[in-house]
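K.L.:
Just a sequence and a predicted model for now, questions to come.
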Amino acid sequence: MSVQIRSVLDTIRRRRSVGKVTDQRPSREQIEDMLEAATHAPNHHNVQPWQFFILTGKAREELGRVFQEALLARLGDDIAPEKAEFLLAKERNKLLRAPVIIVVASENPQESHVIDIENVEATAAAVQNMLLVAEEHGLTAMWRTGDAAYDPRVKRWFGLSPEAHIVAFLYVGYPAIERQERQPVPHHAKTSWLGWEE
């Protein structure tokens, strides 16, 4: 048991978000392993609220156009045309930064006893499972959101209700640069032990 826990802890310590990936597409088996791990995340009332959308090839370009339309609607009239053009082009091409994009959404609760934030929390736990399996496969998966995650046009493109939540755009691929070292704040700086006795 302790060996398995140590292995998971090592993976967690090793995992990094890498902003640059190669054009090599991960295999379907690798992506399905990530999805399988996601479905084992803890979730309240066993509602399993997550939905997954896998985008590759032209699908990334199609959604990129929706990103662009959504940003155009959000931009005010005060912005200079040159700046608007730059921002719109950047928004349209965002999803081309990785060969696979996994969009993870949380369904709006249908049952009265299910709380919306608990579905979001469960879906976030599913995303974390995916990140760790990606690491085990030698992939990198960067978790992004941004304004597009909350835009009704983007949700509509996926067939999601306005009340649903896009919890993650996961940019998945093989790292093209070295993983940077990271020194998180030590847990003892963020922890209070209440009632603990040796």
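P.N.:
Good, I have the coordinates. Numbers count the residues shown, from 1 in each chain.

K.L.:
by contact count, what packs against the strand ranked longest in the chain?
P.N.:
Determined from DSSP state E, the single longest strand within the chain is strand 165-173. Using 3 or more C-beta pairs under 8 Å, 6 or more residues apart in numbering; DSSP states H and E, the elements in contact with strand 165-173 are strand 100-106, helix 116-136, strand 140-144. Where C-beta positions appear, they are placed from N, C-alpha and C, glycine not excepted.

K.L.:
between those, which gets nearest to Q48?
P.N.:
Q48 sits nearest to helix 116-136 of all the helices and strands packed on strand 165-173, at 7.8 Å, using C-beta to C-beta.

K.L.:
which parts of the closest one are buried?
P.N.:
For helix 116-136, the neighbour count (16 or more other C-beta atoms under 10 Å) marks 118-119, 121-124, 126-136 as buried.

K.L.:
thinking again about what came up before, could I get the helices and strands packed on strand 165-173 in JSON lines, plus columns for distance to Q183 and mean pLDDT?
P.N.:
As requested, these are exported to JSON lines (distance: least, C-beta to C-beta, whole Å; pLDDT from 0 to 100):
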{"stretch": "strand 100-106", "distance to Q183": "28", "mean pLDDT": "98"}
{"stretch": "helix 116-136", "distance to Q183": "18", "mean pLDDT": "97"}
{"stretch": "strand 140-144", "distance to Q183": "19", "mean pLDDT": "97"}
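
K.L.:
Could I get the average pLDDT for the longest strand of the chain?
P.N.:
Across strand 165-173, pLDDT averages out at 98.

K.L.:
Give the partner strands of it in its sheet and their orientations.
P.N.:
Strand 165-173 pairs in its sheet with strand 100-106 (antiparallel), strand 140-144 (antiparallel), by DSSP bridges.
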